[in-house]
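In: I need the structure of the sequence given here:
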Amino acid sequence: MPDKDQYQSAWSQSIPAREQFKIIRRMFTYAKPYKRQFGCAIVGVIGMSAMNIALPFILQEYMDRYLRNMSATTAVILGVASLYGMGTIIKPSPSFSSRFCFKWAVSGA
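Out: Predicted structure coming up:
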């Protein structure tokens, strides 16, 4: 009977952490000429991640503090709604900037 590992792909095997750092270091040498574009794209990705974390957190805090106690005034409701609305409007900005910078780096500008 054939062994299960005999048919396992080389790509599905885990890579040790030390080897991963070597690969990443080698990749950064290729990205060095494009460090401005690369940095811009990383900042965009971090901003997008922060927005994806912040918006649900705002809703959670609103629900936990005000809706559970039924103490939400009109000012609180409008404040949270406007804050969430502004976040929703601003959210595409980091996404656009990261995509723009990645494409800028790929084009070789």
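In: now the nearest residue to residue 104 once chain neighbours are set aside: how far from residue 54?
Out: Excluding the flanking residues, the one nearest residue 104 by CB to CB, 6 or more residues apart in numbering is residue 37, at 4.8 Å. C-betas here are computed from N, CA, C, even on glycine. As judged by CB to CB, to the nearest Å, residue 37 and residue 54 stand 26 Å apart.
In: Compare those two and say which is more crowded by neighbours.
Out: Ranked by neighbour count (other CB atoms under 10 Å), residue 37 and residue 54 place residue 37 first, with 20 against 14.
In: With residue 65 as the reference, measure out to the most centrally placed residue in the chain.
Out: With distances taken as CA atoms, centre = their mean, the residue of the chain nearest its centroid is residue 49 (3.3 Å). Noted for residue 49: a distance of 25 Å to residue 65, by CB to CB.
In: And for residue 76?
Out: Separation of residue 76 from residue 65 (CB to CB): 9 Å.
In: What mean pLDDT does the longest helix seen in the chain get?
Out: Using DSSP state H to define each element, the chain has its longest helix at helix 35-62. Average pLDDT, helix 35-62: 86.
In: and after that helix, which helix or strand comes next?
Out: helix 74-90 (DSSP states H and E).
In: what comes into contact with the helix or strand following that following helix?
Out: Counting by DSSP H and E, the next helix or strand C-terminal to helix 74-90 is helix 92-107. Helix 92-107 has contacts (CB atoms under 8 Å, 6 or more residues apart in numbering) with 31, 34, 37-38, 40-48, 50-51.
In: ok, 10 Å please
Out: 31, 33-52, 109 (CB atoms under 10 Å, 6 or more residues apart in numbering).
In: Could you identify the buried members of those?
Out: 34, 37, 38, 40, 41, 44, 45, 47, 48, 51 (16 or more other CB atoms under 10 Å).
In: of all those, which two lie farthest apart?
Out: Taking CB to CB as the measure, the buried ones among the contacts of helix 92-107 span a maximum distance of 24.9 Å, between 34 and 51.
In: Could you give the separation of stretch 53-70 from the chain centroid?
Out: 22 Å (CA atoms, centre = their mean, to the nearest Å).
In: Okay, now it: how far is its last residue from its first?
Out: Terminal residues of stretch 53-70 lie 25 Å apart, using CA to CA, to the nearest Å.
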